[in-house]
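> return atomic coordinates for the entry below.
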Amino acid sequence: MILPPRPENHPRPEPPRPALGPHPRRDRPALERFAPPPWDRHSPQWLEIEDTLPADHRARAIDEAVDQLDLTDLFASSAGVGSKAHRPDLMLKIVVSEIQTGRHSPDQWAQDVHDRRSLQWLGLGITPSRTRFYAFRDRIGPRLEALNRQVLEAALIQGLTTARPGALDGTLIAANASRHRLVNLARLQRRLAELDRVIAADKIRQDPGAIPAWMAHPPATRRQQRYRFREAQRKLLKQHAQNARRSRDQRQAPEKIVISTSDGEAALGRDKEEVFRPLSNLQVVHDLESPLILGDEVFAQATDAGTLMPLRQRVHDLTGVWLERLLADAGSASALDRFDGAQAAVDLDAPYQENAQTEQRRAQRPHRVIPQSEFAWRPEAQSYVCPQGHRLSAIGQERRARAEGRSVVLTTDRCAKEHCQACPLAARCTRGRNGRTIKRNEHEDLIVAQQAKMQTSEAKAIYRQRGQTIELRFADTKAHRGLRRFSGRGLTRVRIEAGLLVLSHNLLVVQAVRERKAAEGQNGTSCQDAA
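This next block holds a predicted model:
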C-alpha cells in the first residue's frame, strides 16, 4: 500500500493499533493458541541467565525493541491448527539477535538456540526446530514491510529523521547457487526430456534405469526439480529473444547464454572479487540525518541501472515521505534517471558515467582524442560546432533500449569529410575518413547541467556524505553481519533475508535513541504509538 505524502513539517497522525508488545499488555486469550514457553521471567533458569547477562548486552535492547512492535498481524498469521506454534514475538527476538551476529540461515538458528544463553533468555527457553524456523521465516516475509514501517514511523515522530535526504547504493551478494553448474538452453532441454522420461516411469511404477548424477532421487523431489527447470527454460527463452533483438556486434552466441537451475531468478555477473557467479543485487537507501536505512530492495540484475526511482518509491511506501535529495553513483543515475528526477523535483547528486576508474582510463587514452565536451552545442541551430568552427550536420537517429523496457533516442551528427581531411586537428580528432561523428542523447541538456553541478565545491562536499554513510553500511553488512551469501533461494526469500537485516538494524537504532532519551529523563515514543 502506498501511503499519501505527509504534511511538510510533521508526520501524519494515525490512531494507535492494539498492543501485543510488552508482557503486561498482551492479549491473554490470543496467547492460548500458542505453546507456552518452558520458562517465564520468574523461572530459575531464566533468572540465572538474567543475573549473568551484562546490562549493556545487545539481547536486552532487542528484547525491549521487539516488545515495542505491534505484532497483531504476525500473531494472527498462525493457522491455529495442529500442534501449537511457538510465540511469534519470541521467535522474532531470536531471529533479530541471530542476524545481528551474522547468522542468516534458519538451520543455524535451530542449532544456536541450544547453545547460546542469550537466545535462551530472549526466547524464554524455547528451542524451535529448523523446520519451524524455516516456516517462521516464510510467514514473516509478507509482514516485514509493515514492521519496517512501524520502526520508521517511530523514528519520524521522535525527530530522528525527516526521511527527505538519502544516499543510494547497491552491492552484489552471492546467491545460494553453484557457479560451476550453469547450463545453456540446449543442455537444459536435454535434461528436461530426461526428467520427463523418468517421471513418466515413476507414474506407472516402472524402473527408470540409471539415474544421472544431476537428477534428484526421490520422485517427489524430481517433480519439484522439473518445475524449477521449466521456470529456468522460460527465462532462458526470454533471454534468447532479447539477445536476438540486439545489434549484431552486441549479440551473444546462443550457447554462451546460461542459467543456474538451482536459483533461476539469480542474475549472472562478476562479484567484487571478479568471480563470475549467480548474484543478487541488494539496493539500499541510507538516511543522511541518522544511521537509519530508509528503504531496501533486491533486484535480479547484475547492474544498478533502473533502480533509482523504484528505490525512491520504496522509501515513500515505508515512510510516507518523498525523498527530496538523493546521493547516488553513476551506475544508479542514468540519463533517464536524471529526467525522472527532474520531473519529480528531486535534487540528484550523482556523477554521469564516472567512477573510481574513470581517471585511470582517461590516462590510458591517446592524448590525440578530442572529447565531445570541446564541441560547442548551438541550441538555435540544433547542431554542434567543432573546435575549428565547422558545423556538424545530423545524419540520423537511433533508439537504444534501456532498463525496464524504456529507451533513449540518440542523434548522430557528423562533420563534413572535406573539413576533417584538411583540418590541422584531424590527427587528434578522428581516424575515420568520413569525418568526426558525435552522438547526442535526447536528455543531453540535463547531462551537461549535472556535470557542471558536480564540479562545484558545494556538490563535492555534499557528495562526500555518501561515502560516509552508505559505504560504511555495506562494510558493516558484509564484515560484521556476515551477509556475503544469501541463504535462501529465489527472489522472494532473498528479499525476506534483506528485510530482516534492515528491520534488525533499524530496531536497534530507534531503541538506542529511546534509551538515550529515557536516560535524559524524556519519554521515548514506542513503535505502536508512532504507527
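
> and the protein, what are its domain boundaries?
23-163+491-530, 182-260, 361-447 (automatic domain parsing).

> quick one: the closest residue to residue 507 other than its chain neighbours from residue 308, how far?
With Cβ to Cβ, 6 or more residues apart in numbering as the measure, residue 65 is the residue that lies nearest to residue 507, at 4.3 Å, once sequence neighbours are left out. For glycine as for every other residue, the C-beta is placed from the backbone atoms N, C-alpha and C. From residue 65 across to residue 308, the span is 31 Å (Cβ to Cβ, to the nearest Å).

> same question, residue 519
On the measure of Cβ to Cβ, residue 519 and residue 308 end up 39 Å apart.

> those two - which one has more neighbours?
Residue environment comparison for residue 519 versus residue 308 gives the larger neighbour count to residue 308, 27 against 8, counting by other Cβ atoms under 10 Å.

> quick one, what contacts the residue nearest to that one when sequence neighbours are not counted?
Using Cβ to Cβ, 6+ apart and skipping the chain neighbours, the partner closest in space to residue 308 is residue 337 (4.5 Å). Shown here is residue 337, whose contacts under the criterion Cβ atoms under 8 Å, 6 or more residues apart in numbering are 306, 308-309, 328, 348.

> same check, this time on residue 479
Under the contact definition (Cβ under 8 Å, 6+ apart), no residues are listed for residue 479.

> sec struct for residue 411, please.
Three-state call for residue 411 (DSSP: H, G, I helix; E, B strand; the rest coil): strand.

> what's the answer for residue 400, then?
Looking at residue 400 with three-state DSSP, the answer is strand.

> that one and residue 416, how far apart?
Distance, residue 400 to residue 416, by Cβ to Cβ: 26 Å.

> residue 74 now?
Distance, residue 74 to residue 416, by Cβ to Cβ: 71 Å.

> can you list the buried residues in stretch 415-427?
By neighbour count, and taking 16 or more other Cβ atoms under 10 Å as the criterion, the buried residues in stretch 415-427 are 415, 419-420, 423, 426.

> I meant to write stretch 323-338 there.
Going by neighbour count (16+ other Cβ under 10 Å), the buried part of stretch 323-338 is 323, 326-329, 331-338.

> wait, residue 404 touches residue 307, no?
No. With contact defined as Cβ atoms under 8 Å, residue 404 and residue 307 do not form a contacting pair (9.6 Å).

> please say which of these two ends up with more neighbours.
Using other Cβ under 10 Å as the criterion, residue 404 and residue 307 rank with residue 307 on top: 25 against 11.

> ok now do the residue nearest to the more buried one when sequence neighbours are not counted, which residues does it touch?
Excluding its sequence neighbours, the residue lying closest to residue 307 (Cβ to Cβ, 6+ apart) is residue 283, at 5.0 Å. Residues counted as contacts of residue 283 (Cβ under 8 Å, 6+ apart) are 168-170, 296-299, 304, 307, 311, 332.

> now, the residues you listed that are in strands?
Counting by DSSP state E, the members of those that fall within strands are 168-170, 296-299.

> just these now: which is nearest residue 251?
Each of those was scored against residue 251 by Cβ to Cβ, and residue 299 proved nearest at 24.1 Å.

> mind listing what that closest one touches?
When contacts are taken as Cβ under 8 Å, 6+ apart, residue 299 is in contact with 170, 267, 280-281, 283, 307.

> can those go into a markdown table with extra columns for pLDDT and distance to residue 217?
As requested, those are exported to a markdown table (pLDDT from 0 to 100; distance: Cβ to Cβ, whole Å):
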| residue | pLDDT | distance to residue 217 |
| --- | --- | --- |
| 170 | 89 | 39 |
| 267 | 93 | 30 |
| 280 | 94 | 29 |
| 281 | 94 | 34 |
| 283 | 93 | 39 |
| 307 | 90 | 41 |
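
> name the nearest of the residues you listed relative to residue 496.
Distance to residue 496, by Cβ to Cβ, is smallest for residue 280 among the contacts of residue 299, at 12.1 Å.

> who are the contact partners of that closest one?
Residues in contact with residue 280 (Cβ under 8 Å, 6+ apart) are 172-175, 266-267, 298-300, 486, 491, 494.

> hang on, residue 80 is in a strand, isn't it?
No. Under three-state DSSP, residue 80 falls outside any strand and is assigned coil.

> what sits against it?
Going by Cβ under 8 Å, 6+ apart, residue 80 touches residue 33.

> if I look at it, how far off is residue 31?
Residue 80 is 12 Å from residue 31, by Cβ to Cβ.

> what's the answer for residue 117, then?
For residue 117, the distance to residue 31 under the criterion Cβ to Cβ works out to 25 Å.

> and residue 393, by the same measure?
When distances are taken as Cβ to Cβ, residue 393 and residue 31 turn out to be 79 Å apart.

> repeat for residue 456
Separation of residue 456 from residue 31 (Cβ to Cβ) stands at 60 Å.

> tell me which of those two has more neighbours.
Set residue 456 next to residue 31 and count neighbours by other Cβ under 10 Å: residue 31 wins out with 15 against 10.

> any idea how far residue 465 is from the residue nearest to that one when sequence neighbours are not counted?
Excluding its sequence neighbours, the residue lying closest to residue 31 (Cβ to Cβ, 6+ apart) is residue 87, at 6.9 Å. Applying Cβ to Cβ, the value for residue 87 to residue 465 is 41 Å.

> the more surrounded of these two?
Just comparing residue 87 and residue 465: by other Cβ under 10 Å the higher neighbour count belongs to residue 87, 24 against 15.

> check contacts around that one.
Shown in contact with residue 87 (Cβ under 8 Å, 6+ apart): 31, 34-35, 37, 126.

> what's the closest of these to residue 145?
Here the nearest of the contacts of residue 87 to residue 145, counting by Cβ to Cβ, is residue 34; it sits at 23.7 Å.

> that closest one is in contact with residue 90, isn't it?
No. In this structure residue 34 lies outside contact range of residue 90 using Cβ under 8 Å: 9.0 Å.

> in the chain, which segments are predicted with low confidence?
The model of the chain has pLDDT under 70 over residues 1-30, 354-368, 522-531.

> pairing partners for the lengthiest strand in it, with directions?
Once the chain is assigned using DSSP E, the strand that runs over the most residues is strand 276-287. Each strand paired with strand 276-287, and its direction, by DSSP bridges: strand 165-174 (antiparallel), strand 267-270 (antiparallel), strand 293-299 (antiparallel).

> just put these in TSV and tack on distance to residue 191.
Rendered in TSV, the data for the strands paired with strand 276-287 read as follows (distance: least, Cβ to Cβ, whole Å):
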stretch	distance to residue 191
strand 165-174	24
strand 267-270	18
strand 293-299	28
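
> residue 369: which of the ones you listed is closest?
Counting by Cβ to Cβ, residue 369 lies closest to strand 267-270 out of these; the figure is 27.7 Å.

> quick one: residues in contact with that closest one.
Contacts made with strand 267-270 from outside it, assessed by Cβ under 8 Å, 6+ apart, are listed as 172, 182, 258-260, 276-281, 299-303.

> what about burial for these, which qualify?
Buried positions within those, assessed by neighbour count (16+ other Cβ under 10 Å), are 172, 182, 258-260, 277-281, 299-302.

> which elements pack onto the biggest helix by length in the chain?
The single longest helix within the chain, with elements called by DSSP state H, is helix 491-519. Of the remaining helices and strands, those touching helix 491-519 by 3 or more Cβ pairs under 8 Å, 6 or more residues apart in numbering; DSSP states H and E are helix 58-67, helix 88-100, helix 130-140, helix 144-157, strand 276-287, strand 293-299.

> kindly reformat the ones you listed as CSV containing distance to residue 386.
Written out in CSV, the entries for the helices and strands packed on helix 491-519 read as follows (distance: least, Cβ to Cβ, whole Å):
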stretch, distance to residue 386
helix 58-67, 63
helix 88-100, 58
helix 130-140, 61
helix 144-157, 53
strand 276-287, 41
strand 293-299, 41
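
> and residue 57, how close does it get to residue 116?
Shown here: residue 57 relative to residue 116, a distance of 12 Å by Cβ to Cβ.

> more neighbours: these two, which one.
Each of residue 57 and residue 116 had its neighbours counted (other Cβ under 10 Å), and the higher figure belongs to residue 116 (18 against 14).
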